[in-house]
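Q: Here is the input, now give the coordinates:
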Amino acid sequence: MGGLRCLDGSSLAVVPVVSLDRGGTPFEVTLELRRDGDSFGAVGERCGYFLAGLAGRVAAARAGESPQAAEWPDPDDRFPDPPPGAGRVREPELFAFRYRDRGDVASTAELRCALRTSSVWIERQGTGQGVWRVARRAVIEAWGSGGRGVRAVLTSAELHAFLAGLLADAERAGVGYREQLRAHR
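A: All right, here's what the predicted structure looks like:
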């Protein structure tokens, strides 16, 4: 079960729930959200394949020989670039799952992850000179069916571990994404 510690101190569990085909064979997952053990919503109808691709791209971006390594020396700041043609977006979205079924109202639940960049001035003691420390983090926001939201801030390593945990849970439930992960390495 993929779990996140939120900024408000609560715990958000993201649990893959298997989707079955007509013959009863697992083929994909939907995500069930639980905040502090209580149901928070369901999102991402058949989203496992997409999350597996993202996990592969995060791992590739973190690698020392990746294109991101030249721009971001700290591996925790390295995230995949937006897809070609997306342009330069201020806070690119890595994923957004707004509700489970097309028939659900938009306020049912939401889970999204966007990249945010922050800058902190680090002054050299008493000199007035210094350097900017620029960092990138994945911000995961979840909105429950009751309209309440929570937020977690992750490094690229933490995001990769979160995604790997979700995919491992999906595999234990009978849906594997190894081929998708291999395709992005």
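Q: Poorly predicted segments of this structure, please.
A: 1-2, 83-88, 99-107, 179-185 (pLDDT under 70).
Q: quick one, helices of this protein?
A: Secondary structure of the chain, counting by DSSP state H: helices at 48-62, 67-71, 156-172, 178-183.
Q: Please report the distance of R90 from A114.
A: Applying CB to CB, to the nearest Å, the value for R90 to A114 is 9 Å. C-beta here means a position set from N, CA and C on the backbone, and glycine is covered the same way.
Q: Please say which of these two ends up with more neighbours.
A: Here R90 and A114 are compared on neighbour count by other CB atoms under 10 Å; more neighbours surround A114, at 17 against 8.
Q: Show me the beta-bridge partners of the more buried one.
A: The bridge-partner assignment for A114, based on DSSP bridges, gives E93, V139.
Q: Just list the residues touching it, thanks.
A: Applying CB atoms under 8 Å, 6 or more residues apart in numbering, one finds that A114 lies in contact with E91, P92, E93, L94, A138, V139, E141.
Q: Tell me, how many residues neighbour the first one?
A: Spelled out, that is E91. Using other CB under 10 Å, E91 has 9 other residues around it.
Q: Test my guess that it contacts R116.
A: Yes - at 5.7 Å, E91 and R116 qualify as touching, with contact defined as CB atoms under 8 Å.
Q: mind checking how far the closest residue to E123 other than its chain neighbours is from V150?
A: If the residues on either side of it in the chain are set aside, E123 comes closest to G130, at 3.9 Å by CB to CB, 6 or more residues apart in numbering. G130 sits 34 Å away from V150 when distances are taken as CB to CB.
Q: Pull the number of nearby residues for T25.
A: For T25, the count of nearby residues is 10 (other CB under 10 Å).
Q: Any figure for the gap between the closest residue to it other than its chain neighbours and G24?
A: Spatial nearest neighbour of T25, excluding adjacent residues (CB to CB, 6+ apart): G174 at 8.0 Å. Summarising the geometry, the distance separating G174 from G24, computed by CB to CB, is 10 Å.
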